[in-house]
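**Q** what's the 3D shape of this:
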Amino acid sequence: MTIINRHVVGFYVVLSLLAPRLIFAEDKRIALIAFFGQEGLDTLPIRNALPFHEGSIVSLEDNVSHAVDTANRWKQDVKDTVKRLIGREPTDVARVCCTKSGDLVVYIGLPGRSFRPIRYNEAPKGTARLPEILLSLDEQIDNLLFKAVLEGKAGEDDSEGYALAKDDPELRKKQLEFRDYARLNEGVIFRVVESSSDAKQRAIAATALGYLRQSDRQIAALVKASFDLDEEVRNNAVRALGVLASAKPGVARRMPAKRFISLLSSGIWSDRNKGLMLVFRLTQGRDPKLLRDLRSEALMPLVEAAQWETGHALGARVILGRIAVIDEAKLWGLAQEEPPDTILRAIGVKR
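**A** Residues are numbered from 1 along each chain as shown. Have a look, this model is predicted:
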């Protein structure tokens with residue numbers, strides 16, 4: 001399944017425009033350029049030297065092959081610019097759509113002190129494959145979801161512990177069909193996500209895991225897939241855990257929360273985004289040890305994320321507020337402030 005990032009607190013859907021299947025012919029304005037992993041680096045010279053700026057218009061192609069070529073050239077230009085200035089390439093370049101006003105956000109990962117590489121799983125070498133019906137349904141869901149996003153019908157019902165469309169009956173019907181076929185093929189789904197050499201198959205299997213009947217085996221498989229070598233597999237697995245955690249607090253308590261702290265320092269934007277989604281859920285109980293671990297191991301990545309575009313930043317702001325022992329009812333209002341100075345001061349950080 002194409003990387004589709006729905007922010008944890010349900011404010012809107014964001015689509016990675018570097019994914020070739022999510023392309024449409026339209027001009028988009030860049031609303032914000034934000035960095036992560038930048039501690040110890042001066043981002044101003046990088047920002048000034050980029051081949052685009054906030055307010056620039058980006059033309060998105062309607063032909064998939066042209067769109068991929070355009071995106072790759074655009075990304076390479078950013079890499080070349082950053083390498084010329086700091087001697088190292090960025091860890092990631094992500095164009096993300098869309099803000100509430102329909103604009104783009106550009107996130108650039110830098111190899112500063114707030115970046116730590118993650119040790120991912122070794123690539124599997126097995127031959128397990130999913131049934132064609134699941135592959136077909138996955139593609140249909142992708143297309144319907146993309147259409148729903150563009151039509152403003154991307155609301156989601158996570159109450160059962162898996163994602164279902166709230167505003168689009170056709171999409172919801174396909175997701176339920178996907179769930180039913182996944183449950184009929186549970187054994188092969190576990191085999192594919194654990195052993196298939198095909199990353200695309202593993203990514204779809206990771207999504208399918210979220211629709212299986214809830215079990216310890218399901219959680220264990222999703223946790224392992226959350227550190228897959230492939231970005232899309234990780235994205236889908238961590239997202240499935242986040243949806244489970246939001247609907248089933250008892251299931252959330254069985255997840256190894258500390259293990260996911262490392263995602264917050266990743267060089268890949270989707271790791272940080274999905275890590276925030278899950279950690280946001282796992283800190284709802286305000287476990288003192290987890291909050292201490294977050295302060296000691298991920299404070300600066302959280303501070304960086306708190307200064308992103310508001311919709312993407314809310315999870316980080318709430319987590320920081322919980323670390324700072326701000327009352328939950330008050331915290332939600334503070335998390336909406338621009339800039340989030342009250343929360344940053346409470347955690348002892350000056351902008």
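**Q** show me how far the longest helix seen in the chain is from its chain's centre.
**A** As assigned by DSSP state H, the longest helix anywhere in the chain is helix 64-86. Helix 64-86 has its C-alpha centroid displaced from the chain centroid by 21 Å (C-alpha atoms, centre = their mean, to the nearest Å).
**Q** tell me the first helix or strand C-terminal of it.
**A** strand 92-97 (DSSP states H and E).
**Q** returning to what we had before: what mean pLDDT does the longest helix of the chain get?
**A** Across helix 64-86, pLDDT averages out at 83.
**Q** mind listing what's buried in it?
**A** Neighbour-count burial for helix 64-86 flags 67-68, 70-71, 74-75, 78, 81-82, 85-86 (criterion: 16 or more other C-beta atoms under 10 Å). (Glycine included, C-beta is placed from N, CA and C.)
**Q** stretch 96-111 too?
**A** Within stretch 96-111, judged by 16+ other C-beta under 10 Å, the buried ones are 96-99, 103-111.
**Q** end-to-end on it?
**A** Using C-alpha to C-alpha, to the nearest Å, the end-to-end distance of stretch 96-111 comes out at 20 Å.
**Q** in this structure, which spans are strands?
**A** 4-6, 13-16, 26-36, 57-60, 92-97, 104-109, 156-157, 164-165 (DSSP state E).
**Q** so what's residue 233 up against?
**A** Shown in contact with residue 233 (C-beta atoms under 8 Å, 6 or more residues apart in numbering): 193, 199, 202-203, 206, 225.
**Q** helices - which of those residues land there?
**A** In this view, the contacts of residue 233 that belong to helices under DSSP H are 193, 199, 202-203, 206, 225.
**Q** looking at the strands of the chain, which is closest to residue 294?
**A** Nearest of those to residue 294, taken as C-beta to C-beta: strand 26-36 at 16.2 Å.
**Q** in its sheet, what does the closest one sit against?
**A** strand 57-60 (antiparallel), strand 104-109 (parallel) (DSSP bridges).
**Q** residues making contact with the last one?
**A** Going back to what we said before, that points to strand 104-109. 14, 17, 28-37, 46, 52, 58, 78, 82, 90-99, 115, 267-269, 308-309, 312.
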